[in-house]
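Asker: requesting a structural model of the entry that follows:
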Amino acid sequence: MAASEGGGRDEVKTQFGTREGTYKLMTLSEYSWPSRAPYNVQCCHPVRVSFTSVEDGSGCNDKICFNVGRELYFYPYKGVRKAADLTKPLDKRTYKGGTLPTCHAINQFTASAQSISLLVGFSAGQVQLIDPIRKDISKIYNEERLIDKTKVTCLSWVPGTEHMFLAAHSSGQMYLYNEGLPPVNTPPHYQLLKQGDGYQVHTCKSKSTRNPVFRWVLGEGALNEFAFSSDARYIACVSQDGFLRVFDYDTMDLHGSMKSYFGGLSCVCWSPDDKYIVVGGEDDLVTVWSFHEKKVVARGHGHGSWISVVNFDPFTTAVLQNEAALYGSDDDFSGMNSRERTYSTHSRTSIISGENSVPQVSYRFGSVGQDTHLCLWEFTEDTLRMFQPPIRVRTNTALSVGQTSMSQSNNIASHKSIGNATGHHTETGSISSKFSNLSLSDKHKDKHKKDSVSSKSSVHSHGSKMHLRLLAEESYRVGSQACPRLDEVLMLEPLVAKKIAQERLTALVFREDCIVTACQEGFVSTWARPGKVGVVHSATGGTVV
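Answerer: Just a heads-up that it's a prediction; the model follows:
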């Protein structure tokens, strides 16, 4: 784990070091609401950030969208090269009443200098389509809340399409909309199309196609986030019931799933080559799931509170001929583009073979959480393959479901919690003791365990719903492939674990020349990558160093 760079542990960092150099906060590149007046809804809906890039002839092709409280902003994004001008938004919208923006998504497939399709989700369940460039387009879906009355938690255009988008809600349901269909002011009536382990898909009973085109019902509790694979063939969903579910998007078949160690899962992302999925949530852990092996292959402990965002860094995730060449000075780092990336033209399921050595893929991803910390993580396929779980011997101290203590042979028993959501740091002991008194997931577990005792006599009745339910639950217990014990998979330590804000962090985006973060106070910060500092110019032409 990276060492602290001076000052107390509670000090907010303005720079942090990695093996390739130093990342520095660009204070003149900070975006926020122009008035900077305090607002009293920050506890309700997180600040989200969306980017797009279009050739508009202005010299500033990148655009940024973010929400703060009741307001939605759309600005030119000048990155590390020029100071942000908060007085000239391309678009600004203030929403009144009890409806507040909760998330947004830009259609990257159709974005141009003349038009940008921007979806905005709201706390009361509506979805608005606007164009911040033309400003003459505005459509509202679920306007009368006849489809879903709960908060929109995640929005995404279906990659490569002009009119199709998905909206997830805290009801645990996800809807596919066709932007080209006319609005319908009657409540939908559904018929079952497909179902499987923990999910159902419905279509509308209607003589003609109407919105929503499909309704997905996933697990129990809120559907917190979903993400498409880079080829849009698969979609990964995380829910408050603690499950990651990965579907074939076209066939609607369940490809695989996993269970959190404890509590709900809040965020999910794909590796650039689609081989791995990383999730985070209320167990304070990042978990790496192998798409091809359909199992958990690693976990990471570095946060002291719930994790809000995980994201891979495609600009430092690379296919390497020589691991030692990955890191160096700022000048060395600027030449990284000469190396092959995992999102290059090479096969997604193969590794480039060298004459003298077998290269390996080095993956880097980041996470931010309610503890106000940014963590950077790294793993290689070699480290995953080399890990050997301990041979478990049945003893009086072996972990079993329902026990209130955990095996002290856990290989991370000495790790301490970084801190809590308010930024205060306390020694909390091992992860073993931290999780020892916590139940597996939700309140239904105790009931299920009682049911398993009372129904032993009918276990062999294959037609029994209880029997099938017990078998399904057993497959997700701690120690199963879907939810391995902490010492049964590789445990990652963060390369960087730094407090970078005063309020909980809600956004993390990796760009070629910087990292962008946002906190609940409404500040969107830019961190210049090594070798990129010194090119930022203030409004008066000065240079920031």
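Asker: residues in contact with Lys88?
Answerer: Shown in contact with Lys88 (C-beta atoms under 8 Å, 6 or more residues apart in numbering): Tyr75, Pro76. All C-beta atoms are positioned from the backbone trio N, CA, C, and that covers glycine.
Asker: same check, this time on Ser156
Answerer: Neighbours of Ser156 in contact, by C-beta under 8 Å, 6+ apart: Ala105, Phe165, Leu166, Phe226, Ala227, Phe228.
Asker: which one of the residues you listed is nearest to Ala497?
Answerer: Ala227 (24.0 Å; C-beta to C-beta).
Asker: now do the closest one against Trp33, distance only.
Answerer: Ala227 is 28 Å from Trp33, where distance means C-beta to C-beta, to the nearest Å.
Asker: can you pull out the low-pLDDT segments for the stretch 1-150 of the chain?
Answerer: Within the stretch 1-150 of the chain, the stretches with pLDDT under 70 are 1-9, 34-44, 59.
Asker: what about the strands in it?
Answerer: Applying DSSP state E, counting those that start in this stretch to the stretch 1-150 of the chain gives strands spanning 15-18, 21-25, 49-53, 62-68, 71-76, 91-94, 101-106, 118-122, 127-130, 138-141.
Asker: which one of those lies nearest to Trp289?
Answerer: The nearest among the strands of the stretch 1-150 of the chain, by C-beta to C-beta, is strand 101-106 at 23.5 Å.
Asker: tell me which residues in the closest one are buried?
Answerer: Neighbour-count burial for strand 101-106 flags Pro101, Thr102, Cys103, His104, Ala105, Ile106 (criterion: 16 or more other C-beta atoms under 10 Å).
Asker: quick one: contacts for the third one?
Answerer: Yep, that's Cys103 we're talking about. Arg48, Asn67, Val120, Gly121, Val152, Thr153, Cys154, Leu155.
Asker: okay, Ser206: pLDDT?
Answerer: Listed pLDDT for Ser206 reads 89.
Asker: how many residues are close by it?
Answerer: Other residues near Ser206 come to 14 when the count uses other C-beta atoms under 10 Å.
Asker: where's it relative to Ser29, distance?
Answerer: Separation of Ser206 from Ser29 (C-beta to C-beta) stands at 49 Å.
Asker: turn the strands of the stretch 1-150 of the chain into JSON lines, columns for distance to Ala507.
Answerer: Shown next, in JSON lines, are the strands of the stretch 1-150 of the chain (distance: least, C-beta to C-beta, whole Å):
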{"stretch": "strand 15-18", "distance to Ala507": "18"}
{"stretch": "strand 21-25", "distance to Ala507": "15"}
{"stretch": "strand 49-53", "distance to Ala507": "4"}
{"stretch": "strand 62-68", "distance to Ala507": "8"}
{"stretch": "strand 71-76", "distance to Ala507": "13"}
{"stretch": "strand 91-94", "distance to Ala507": "19"}
{"stretch": "strand 101-106", "distance to Ala507": "11"}
{"stretch": "strand 118-122", "distance to Ala507": "15"}
{"stretch": "strand 127-130", "distance to Ala507": "20"}
{"stretch": "strand 138-141", "distance to Ala507": "24"}
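Asker: what's the closest of the ones you listed to Arg299?
Answerer: Arg299 sits nearest to strand 15-18 of all the strands of the stretch 1-150 of the chain, at 21.3 Å, using C-beta to C-beta.
Asker: quick revisit: going by distance to Leu486, which of the buried residues of strand 101-106 wins?
Answerer: Cys103 (32.1 Å).
Asker: is that closest one in a bridge, and if so with what?
Answerer: Under DSSP bridges, the beta-bridge partners of Cys103 are Gly121.
Asker: rewinding a little: closest to Val286 out of the strands of the stretch 1-150 of the chain?
Answerer: Closest among the strands of the stretch 1-150 of the chain, once you apply C-beta to C-beta, is strand 15-18, at 17.2 Å.
Asker: in its sheet, what does the lengthiest strand in the chain sit against?
Answerer: Longest strand in the chain by number of residues, with DSSP state E as the criterion: strand 360-369. Strand pairing for strand 360-369, using DSSP bridges, gives strand 307-312 (antiparallel), strand 318-320 (antiparallel), strand 373-380 (antiparallel).
Asker: show me the shaky parts of the chain.
Answerer: Ranges of the chain meeting pLDDT under 70: 1-9, 34-44, 59, 320-359, 392-480, 534-545.
Asker: tell me the domain ranges of it?
Answerer: 15-316+495-528, 445-490 (automatic domain parsing).
Asker: what are the ranges of the strands in the stretch 201-350 of the chain?
Answerer: Using DSSP E, counting those that start in this stretch, strands in the stretch 201-350 of the chain cover 214-218, 223-228, 234-239, 243-248, 254-259, 265-270, 276-281, 285-290, 295-301, 307-312, 318-320, 340-341.
Asker: and Asp231, how many neighbours?
Answerer: That count, for Asp231 with other C-beta under 10 Å as the rule, works out to 11.
Asker: again with the one 10 residues further on
Answerer: Other residues within reach of Asp241, judged by other C-beta under 10 Å, total 22.
Asker: pretty sure it contacts Gly221?
Answerer: Yes. Between Asp241 and Gly221 there is a contact under C-beta atoms under 8 Å: 4.7 Å.
Asker: list the buried residues of stretch 87-97.
Answerer: Pro89, Asp91, Arg93, Tyr95.
Asker: out of the contacts of Ser156, which two sit at the greatest distance?
Answerer: Every pair of the contacts of Ser156 checked by C-beta to C-beta; the farthest is Phe165 and Ala227, at 14.0 Å.
Asker: ranges for the helices of the protein?
Answerer: All helices of the chain, identified by DSSP state H, fall at 330-334, 381-386, 431-435, 444-454, 465-474.
Asker: helices or strands next to the second one in the packing?
Answerer: When contacts are defined as 3 or more C-beta pairs under 8 Å, 6 or more residues apart in numbering; DSSP states H and E, helix 381-386 packs onto strand 360-369.
Asker: now do the strand it packs on: distance to the chain's middle.
Answerer: 12 Å (C-alpha atoms, centre = their mean, to the nearest Å).
Asker: oh, and call the first residue 36 from now on, that's how I've got it
Answerer: Done: numbering now begins at 36, and the last item shifts to strand 395-404.
Asker: what's the farthest-apart pair in the buried residues of strand 136-141?
Answerer: With C-beta to C-beta as the measure, no two of those lie farther apart than Thr137 and Ile141, at 15.7 Å.
Asker: ok, Trp68 touching Arg105?
Answerer: No. The pair Trp68 / Arg105 is not scored as a contact, 9.8 Å apart, by C-beta under 8 Å.
Asker: what about the two, which has more around it?
Answerer: Taking neighbours as other C-beta under 10 Å, Trp68 and Arg105 compare with Trp68 leading, 21 against 17.
Asker: and the residue nearest to that one when sequence neighbours are not counted, bridged to which residues?
Answerer: Nearest residue to Trp68 in three dimensions, chain neighbours excluded: Val103, at 4.7 Å (C-beta to C-beta, 6 or more residues apart in numbering). For Val103, the beta-bridge partners under DSSP bridges are Glu106.
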